[in-house]
Every structure is written in structure tokens, then in C-alpha cells.
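Peer 1: dropping the sequence and predicted coords here.
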Amino acid sequence: MTITQGFTAPGFDAVRDSFEANFTNNGEIGAAFSAYHRGKVVADLWGGVADQETGAAWEQDTMILVFSTTKGATAMCVNHLAQQGKIDVNAPVVRYWPEFAANGKSGITVAQLMSHQAGLAWVDDKMSLDDALAWEPVIRALEAQAPSWEPGTQHGYHATTYGWLAGELVRRVSGKSVGTYLRDEIAGPLDANFHIGLPAELEPRVAKLISMFPKGMSFDTAPEHDDNVVAILRQFMGPDTVLGKALTAPGGAFSDTEVFNLAKVRAAEVPAANGVADARGIARLYASCIGEVDGIRTLTAAQLDDAITQRTSGGNTVLFNMDIQFGIGFMLRSSLITLGGPRSFGHFGMGGSAGWADPDAELAFGYVMNKMDMGMAGDQRSSSLINAVYASL
């Protein structure tokens, strides 16, 4: 039996029950969940094993890489700059990044870039992992890349390239890398543990990810694993599919998901995919976007309204035409993502992590775990926890 540690406010015992049920019924190994209501913590739970190899327990300060949940924090940085009048989301990207204009990209707006409409979901040329981690080679490649579809005519998930595109915009406007901007302007003042570019001294606190793939298999599936399940995965996520190219971009550098357990990957800035956080840090960031947390509000009500205005329509062409819709960097509520009220927003990460908020209910959530699952927009574990919070109100 997994021992759950942490806190739930009076009336929120069902959240603890749901957290414990994830270990009993949903294969949870190690995890944490945090929820805020009206700027105050109502749940802060953790438990299980952080590293199966060593048996180390999941502690109060354990963090883990959260894949695309990182995109939500990156979106906060862009929206924070827009709030200050330093970015006009309706302006062309080239106003801030002139070199971006090459190969038919001069008309792409910031809003299109942030809502996955730019047609830059992958890079055609091959690239090594070290080049991808170095930042500048990716920026040069994206500057040279021609869009894969006419920008603004459809949206397709920019699974990794979103981070460099948004991050370079932040760098051009603020003079800071997106990881530095997040630390200095948003996460740092809130004392929230969310890092894009993990400091070396925090490495001992990081839990080890447990892949959803069979051992020895990744996006570029090896032939010796050709059973029925792997064949299906190859059909939808193989290296020549649009999703496979988007997930492993730039140029196949991230074709092996095991690299996300490497310290050098966590230390770099990959602002779509390598954020390292704990659940309370994620929840705290989102809570500050919808109201004050200890006197700090990250996004004003007006900026939040703009950030969560839907900018896309129709199915996402990279994600099998799923109904996943976007504002300025944030996922929005849809027929597929039904959590919370109509203005709910946030971002999910590959494997299951999540950051989510509902401004009308004044709720914000963060969920992290090490055992990855196959859901594209959360899974039973996170949805059951969030629903338990709503049921407790």
C-alpha cells in the first residue's frame, strides 16, 4: 500500500482518496498533485517511488520533467510580455525577429505562431541532440525552414518546435532566454518550482521517468519489436509520419524518449518539452494567472481573456484531427478536453502531467508523475483528481 503524504483542506478528503486510488487502480508509481482555490492551497499530495532502480521515495521536494506541460509556462512568458505592451500578438513575428521572414514566413503573426498555425511543426534537415540543445542551430534551421502548410489555414501541433519559436520571441523582446525570463519574472517571485534549464544543484531532486514504450523501443521503433501494438504505434507515430516528425523535431534529435532522463537535456532550454517542476509549482503558476497568490498576479484579467480566446478551429492535423484547440499558447476546453468550465485552460504533457486552471471556479491544478501513459491530453489519473476537487467544492 502506497503511503500518501501531504495536506488536504477540510472538505477535500475525496481528493486524497482519488490520489490513493491512482496507485491502487491506475498503475501509479510515484506522483504528486496540488490544487489552489481562490489563491489558497486546498490539496498538496505526494507519494510512491521516485526511482524504481534505487527505491528512493517520492519526497515533498521531488521534481520531474513534465514534457509539454512546459508549453503552458512558456505561454505565460509570452503573455506576460504582451501584457506589458512589448509584444502585439496580432503583429507579424518579423517585427521582433526579422530573420524569421525567410522562405515565405513574413506574414505569420505571433498569435498564429503561438496557436500552432505557423506550419513549422518540424525541421526537414537532420540534427544531432547536441545541436538541438545548443539553441542557435535550431533557430537558424527554423529561420530557413519553409512552412509545411499555408500559415493560418490549419493548425497542427508543434510538439517541440513551439518552444524554440516562442522562446526566441521572448529572447528577442526581453533580452533574456525564456528559462531566465520565467525564473526572474514569474516563477521566482512566486517561489514556484518550475525550471526551463534546470540548475545543476537541483539535479538530486529529480525523479526518473518511466517510459510508456516497451524497453528498447521509441518513436523510431526498432524492427525487432514488430508485434501488433508496436506496429500500430509505428503507423501513427513512426519517423515518417507527421506526428513522428513533430515529436522528434528538430530533425529527429529527440527520437529516443530516454534522452529526457539525461541531466544535459534537463540543463538545456527546450521550452516546449523539458521543463522540470513539482505539482505545487505548476498549480501555483496557474493560480497566479487567474488571481492573486500571496499578493502576486501574473496575468491581468484582460490579458487572461486575450490569452484564452480561441484562435484555432477544426481538427488538429498533426494530432489525428483531434478536437484540441488553442489560445495564445494554452490548450482550451473542447469536446476532447472537458475538464472544468467553458473558460478553462492549461496544458498537458506527454505521459500524463498537467497544469490547468478554471478562472470562473477560481481553481488551479498541477499534476506530475513518473509512470508515463499514452494519453495526448491527460489521462484517468489527472482527470479523476481534478474532478474530485470540483466535487469537493
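Peer 2: Structure's in. What do you need? Note that this is a predicted model, so its numbers are computed, not measured.
Peer 1: for the rest of this, base every contact and every neighbour count on C-alpha atoms.
Peer 2: Noted.
Peer 1: what is the rounded mean pLDDT of stretch 155-173?
Peer 2: For stretch 155-173, mean pLDDT is 98.
Peer 1: and if you look at stretch 190-207?
Peer 2: 98.
Peer 1: now stretch 352-366, how far from the chain's geometric center?
Peer 2: Distance of stretch 352-366 from its chain centroid, counting by CA atoms, centre = their mean, to the nearest Å, is 13 Å.
Peer 1: contacting residues around G167?
Peer 2: The contact partners of G167, by CA atoms under 8 Å, 6 or more residues apart in numbering, come to 74, 177-178, 271.
Peer 1: name the SS class of it, please.
Peer 2: For G167, the assignment made with DSSP: H, G, I helix; E, B strand; the rest coil gives helix.
Peer 1: roughly how far apart are it and A75?
Peer 2: 9 Å (CA to CA, to the nearest Å).
Peer 1: could you do K105 as well?
Peer 2: K105 sits 21 Å away from A75, going by CA to CA.
Peer 1: between these two, which has more neighbouring residues?
Peer 2: Neighbour count, other CA atoms under 10 Å: between K105 and A75, A75 has more, with 26 against 23.
Peer 1: and that one, helix, strand or coil?
Peer 2: Secondary structure of A75, per three-state DSSP, is helix.
Peer 1: pLDDT score assigned to it?
Peer 2: A75 is given a pLDDT of 99.
Peer 1: need phi/psi at the nearest residue to it once chain neighbours are set aside.
Peer 2: Nearest non-adjacent residue to A75, counting by CA to CA, 6 or more residues apart in numbering: G329, 4.8 Å away. Dihedral pair for G329: phi 90, psi -20, per degrees, to the nearest 10.
Peer 1: residue contacts, G329?
Peer 2: 71-72, 74-75, 114-115, 307.
Peer 1: coming back round to it: tell me which of the contacts of G167 fall in helices.
Peer 2: Using DSSP state H, the subset of the contacts of G167 located in helices is 74, 178.
Peer 1: who touches stretch 13-24?
Peer 2: Outside stretch 13-24, the residues that touch it by CA under 8 Å, 6+ apart are 1-2, 4, 8, 28-29, 33, 43, 45, 381, 384-385, 388-389, 392.
Peer 1: just the CA coordinates for the longest strand belonging to the chain, please, in CSV.
Peer 2: Using DSSP state E, we find that the single longest strand of the chain is strand 40-51. C-alpha atoms of strand 40-51 as CSV (Å, rounded to 0.1, in the frame of the first residue of the first chain):
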residue,chain,number,x,y,z
LYS,A,40,-5.0,29.2,-1.4
VAL,A,41,-3.8,25.6,-1.3
VAL,A,42,-6.6,23.1,-0.9
ALA,A,43,-4.6,20.0,-1.8
ASP,A,44,-0.9,19.2,-1.8
LEU,A,45,-0.2,15.5,-2.0
TRP,A,46,2.7,13.2,-2.9
GLY,A,47,3.6,9.6,-2.6
GLY,A,48,5.1,6.5,-4.2
VAL,A,49,8.6,5.8,-5.6
ALA,A,50,10.6,8.4,-7.4
ASP,A,51,13.2,6.0,-8.8
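Peer 1: who does that strand touch, helix- and strand-wise?
Peer 2: With contacts taken as 3 or more CA pairs under 8 Å, 6 or more residues apart in numbering; DSSP states H and E, strand 40-51 sits against strand 4-8, helix 13-25, strand 30-37, strand 56-57.
Peer 1: if you compare these, which one is most tucked away?
Peer 2: Ranked by mean neighbour count under mean count of other CA atoms under 10 Å, the helices and strands packed on strand 40-51 are led by strand 30-37, which reaches a mean of 27.
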